[in-house]
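1. Let's see this in three dimensions:
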Amino acid sequence: MSKENHISDLEITVPSDSIKLTAKKTNSEKLQRTDDWFKMRSGKFTGSEFKKLMSCAPGKSRLDWDNIERIFAFGEMALKSIYANAKERDTGKYIDQGKGTYQMQYGTKVEPLIERFLKKKFKSTYKLKEVGFKSFECFDNAGTSADGLLINKSDNAIAAVLELKACTSWDTHYSRSAEFNEKHQDFWQVQGEMLSWGVNTCYYVFAEPPRDITEYLFYDGDIKDLYKKFVKECPITVVQVDASALHQKALLKRLAIAETTLNEYLKGGQPLSICQETSVKYYNENQTELNKYFNDKPIQASGEVSK
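-> Numbering: from 1, shown residues only. This next block holds a predicted model:
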């Protein structure tokens, strides 16, 4: 891991890597892609969209994320992300992309095989837990849907989040294999997942592509029947990613500005770009408002997970 991906106690206060769980069941345990899951995500900034939200205006991406100029330099993709959430809140219409492409469907289909691999890998120490959408405690209008949690068998505490990827080509495998810094396509999503659950570790897991995804995609039986074939044909890599306080701070600051922009836009009368400029001007004059998520109390998980 690069130095920038390691948390610093001077930058942010976080709990230990293990967070106690209780037996109470919550909405965060609902499986993904259910009606409740869609409702919880609707109009909110979600992990898969964080990369867009963190896009920068030309010429500003070379600045560090602790430079306020970069925080304020919203790119075009960031504005599109704000617009989409504004329209979802305004209309109540969540645009479901359906089952997606065959590549996306393949990833969903073989996910149980990757999970089985992880259960074997971590069986002596951890158990796996599936979870649904999890909002940030310090910012309710944003959250993530991790692919699972690793839970200590010894004390039933959360040790890490999981993000699973099933590659369908060597191109995608190359992207997943890249150094896990802010240029990685899944960097912001993973940082958000750790922020949601208040842990410092994510295991980023990706499998090599098969020769033919249709052998798995259209398999009629129990997909677990293909486990031995899958792990032999599609070797799985597990990468430990550390939380970055620098980047998590930047994400929350962007979210604060984005939320203000969104609410100004919903009042009507001004284009989104003007609302964004007005919001930036406000926060430029009141920068302490961007730090309130860190100064009031430590970032930590909310909600509970059952045994």
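
2. Find me whatever residue is spatially closest to residue 133, sequence neighbours aside.
-> Excluding the flanking residues, the one nearest residue 133 by CB to CB, 6 or more residues apart in numbering is residue 40, at 4.3 Å. (Each C-beta comes from the backbone N, C-alpha and C, glycine too.)

3. Show me the strands in the stretch 151-300 of the chain, by range?
-> 157-166, 201-207, 236-242 (DSSP state E, counting those that start in this stretch).

4. Need these in TSV (columns: distance to residue 136 and mean neighbour count).
-> Converted to TSV, the strands of the stretch 151-300 of the chain look like this (distance: least, CB to CB, whole Å; neighbours: other CB atoms under 10 Å):
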stretch	distance to residue 136	mean neighbour count
strand 157-166	13	23
strand 201-207	15	22
strand 236-242	18	16
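
5. Out of those, which gets nearest to residue 183?
-> Closest of those to residue 183 is strand 236-242, at 13.7 Å (criterion: CB to CB).

6. Only alpha carbons, please: show that closest one as CSV.
-> Output of strand 236-242 as CSV, limited to C-alpha atoms (Å, rounded to 0.1, in the frame of the first residue of the first chain):
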residue,chain,number,x,y,z
ILE,A,236,-8.7,-15.1,-6.9
THR,A,237,-6.6,-12.3,-5.5
VAL,A,238,-7.1,-10.7,-2.1
VAL,A,239,-5.7,-7.3,-1.4
GLN,A,240,-5.8,-5.6,2.0
VAL,A,241,-6.7,-1.9,1.7
ASP,A,242,-6.2,0.6,4.6
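
7. quick check: angle from that strand to strand 201-207?
-> 160 degrees (axes from the mean of the first three to the mean of the last three CA atoms, to 10 degrees).

8. Parallel or antiparallel, list what pairs with strand 236-242.
-> Sheet pairing here is set by DSSP bridges, and for strand 236-242 it gives strand 201-207 (antiparallel).

9. which residues touch the strand it pairs with?
-> Contact with strand 201-207 is made by 17, 110, 114, 118, 146, 150, 159-167, 173, 176-177, 180, 186, 190, 193-194, 230, 234-243, as judged by CB atoms under 8 Å, 6 or more residues apart in numbering.

10. same thing but at 7 Å, please
-> 17, 114, 118, 150, 159-167, 176, 180, 186, 190, 193-194, 234, 236-242 (CB atoms under 7 Å, 6 or more residues apart in numbering).

11. what angle sits between that strand and strand 157-166?
-> Put simply, strand 201-207 runs at 30 degrees to strand 157-166, going by the same axes, to 10 degrees.

12. then strand 201-207 to PDB, C-alphas only?
-> Extracted in PDB, the C-alpha atoms of strand 201-207 (Å, rounded to 0.1, in the frame of the first residue of the first chain):
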ATOM      1  CA  THR A 201      -9.600  -2.300   6.700                       C
ATOM      2  CA  CYS A 202     -11.200  -3.600   3.500                       C
ATOM      3  CA  TYR A 203     -10.400  -6.800   1.700                       C
ATOM      4  CA  TYR A 204     -10.600  -6.100  -2.000                       C
ATOM      5  CA  VAL A 205     -11.100  -9.400  -3.800                       C
ATOM      6  CA  PHE A 206     -11.100 -10.000  -7.500                       C
ATOM      7  CA  ALA A 207     -11.100 -13.100  -9.700                       C
END
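
13. Quick one: mean pLDDT over it.
-> Per-residue pLDDT over strand 201-207 has a mean of 97.

14. what's the answer for stretch 136-148, then?
-> Stretch 136-148 shows a mean pLDDT of 91.

15. buried ones in that stretch?
-> Going by neighbour count (16 or more other CB atoms under 10 Å), the buried part of stretch 136-148 is 136, 137, 138, 139, 141, 142, 143, 144, 145, 146, 147, 148.

16. Just put those residues in a markdown table and tack on secondary structure and distance to residue 259.
-> Formatted as a markdown table, those follow (DSSP: H, G, I helix; E, B strand; the rest coil; distance: CB to CB, whole Å):
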| residue | secondary structure | distance to residue 259 |
| --- | --- | --- |
| 136 | coil | 12 |
| 137 | coil | 15 |
| 138 | coil | 12 |
| 139 | coil | 8 |
| 141 | coil | 6 |
| 142 | strand | 8 |
| 143 | strand | 13 |
| 144 | strand | 16 |
| 145 | coil | 20 |
| 146 | coil | 22 |
| 147 | coil | 26 |
| 148 | strand | 28 |
